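[1] Following is a predicted model, sequence given first.
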Amino acid sequence: MPHNKNYFLAGDAGSLEGAAGALPAGRYLYCVIEIGDSLIQPTMRGIDETYVYAIQYRDIAVLTHDCKSEPYNSDDERQVIDWVLCHEKVIEAAMSSYANILPFAFNTIVKGKPGEVAADSLIHWLEMNYSRLKSKLKIVCGKKEYIVKVFLDCCIAATELMNTDFELKALQEEVNVSAKGKAFLMQGKLQTLLKQKLADHADKLFHDIYASITPTIAKYQVEKVKPPEKDELMLLNLSCLAEKNECEKLGEALEKINYSGVTVSFSGPWPPYSFM
Amino acid sequence: MHIDIDEGNLQAGVLGLVLALVEIIQDALKTQALRRIEGGGLDDDEIERLGNALMELEQTVTKIKVEQNLQSAVEQIRTGLDDIINEVVDIFNPKE
């Protein structure tokens, strides 16, 4: 799943938290949709087979279901995965039913304010954020999110550097011909130099690949890379918002990436989670 | 900022921390030795003796880590220290 986190509307609108101690009912949010002249109510079921419906404000609406005001939480990992998949399924169904959507992350829940039911709080939030949501809907209109991840196999890259880099080859030769004590010190120097050259190589690859793919798409976000796993280093993590023809160009640019030890993962189309 | 030490096994935690610090000192000594070699401050015999001494130290530390099953504990402590250093570097050299 692209995202799995709590999303606090209070941070955006500043006023959707419930009263301390009180537990007013909540509304679970799936996505904001743009509607035409009339609202067609959704027909899908949500998390735990709940009834999903739309709450409308002017020409936008939020797909929601009635829930408790606490986030969905369980120690059973399978249960959490089921909830997240259900969340995603509703959003995907909305993508095919409505022209334009803005997805919420899993577990985005609106609590009613004191003296106000959750649905009214939600309408109030839509009213307060109407302009912002409309401009975001305009940005994502006709586009889908694609995720590009580029990885480097450090073992392959290091072997290639050891075979091609003059400085590293000379140092390896010095290690080979030195007595035991000096060879130990030189080996340390070789490892340090190799790490440095590998980092420079990865940096250059990042810049080359970034420069080759970003001109194909108008809107993208560079995301944080994950820490290295074993010998695999993530060079680039890009969320792209692309139309169909942009997606094809992006795919063509990705196919041209051909560096030793580099692999590319390209996934999508996703709802535009990164551009909400 | 803190370093995680397994509280359920204080002895192993402390030993892991000591070994991590010895490894860091060892790295510093290696760097210093290479600087002196490159600066021409050591003759061949001195280089050999220094190299052998540092190699024996490394072998001893590795042996203790294996015997006490502390490889991953030491690695975790060193990663934690690296993270702290990275945080400090980021504070003083913000990227944006």
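    That came through, no problem.
[2] Only C-alpha atoms from now on, for both contacts and neighbour counts.
    Noted.
[3] so where's the chain uncertain?
    I went with chain A, as the question did not name one. A:1-24, A:37 (pLDDT under 70).
[4] oops, chain B please
    Residues of chain B that meet the cut-off, pLDDT under 70, sit at B:1-8, B:95-96.
[5] What segments of it are helices?
    Taking DSSP state H as the test, the helices found in chain B are B:10-38, B:44-67, B:71-92.
[6] One more: the stretch 51-200 of chain A?
    Using DSSP state H, counting those that start in this stretch, the helices of the stretch 51-200 of chain A run over A:77-97, A:118-128, A:130-140, A:154-164, A:166-177, A:180-213.
[7] what's the closest of those to residue A:65?
    helix A:118-128 (10.1 Å; Cα to Cα).
[8] contacting residues for the closest residue to chain A within chain B?
    Residue nearest to chain A within chain B (Cα to the nearest Cα): residue B:51, separated by 3.9 Å. Shown in contact with residue B:51 (Cα atoms under 8 Å, 6 or more residues apart in numbering or on different chains): A:180, A:181, A:182, A:183, A:184, A:185.
[9] So which of the helices of the stretch 51-200 of chain A is nearest chain B?
    helix A:180-213 (3.9 Å).
[10] immediately after the closest one, which helix or strand?
    Once helix A:180-213 ends, the next helix or strand along the chain (criterion: DSSP states H and E) is strand A:219-222.
[11] who wins for proximity to residue A:201 among the helices of chain B?
    Of all the helices of chain B, helix B:71-92 sits nearest to residue A:201, with 20.8 Å by Cα to Cα.
[12] buried residues in the closest one?
    B:71, B:73, B:74, B:76, B:77, B:78, B:80, B:81 (16 or more other Cα atoms under 10 Å in any protein chain shown).
[13] Restrict stretch A:45-58 to CA atoms and write it as PDB.
    Output in PDB follows, covering the C-alpha atoms of stretch A:45-58 (Å, rounded to 0.1, in the frame of the first residue of the first chain):
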ATOM      1  CA  ARG A  45     -19.300  -1.500   0.900                       C
ATOM      2  CA  GLY A  46     -16.500  -0.200   3.100                       C
ATOM      3  CA  ILE A  47     -14.300  -1.500   6.000                       C
ATOM      4  CA  ASP A  48     -16.100  -4.300   7.900                       C
ATOM      5  CA  GLU A  49     -18.900  -4.200   5.300                       C
ATOM      6  CA  THR A  50     -20.000  -0.800   6.300                       C
ATOM      7  CA  TYR A  51     -22.400   1.300   4.200                       C
ATOM      8  CA  VAL A  52     -20.400   3.900   2.200                       C
ATOM      9  CA  TYR A  53     -22.200   7.100   1.300                       C
ATOM     10  CA  ALA A  54     -21.400  10.600   0.200                       C
ATOM     11  CA  ILE A  55     -21.600  13.800   2.100                       C
ATOM     12  CA  GLN A  56     -21.900  16.700  -0.200                       C
ATOM     13  CA  TYR A  57     -20.800  20.400  -0.100                       C
ATOM     14  CA  ARG A  58     -21.400  22.400  -3.200                       C
END
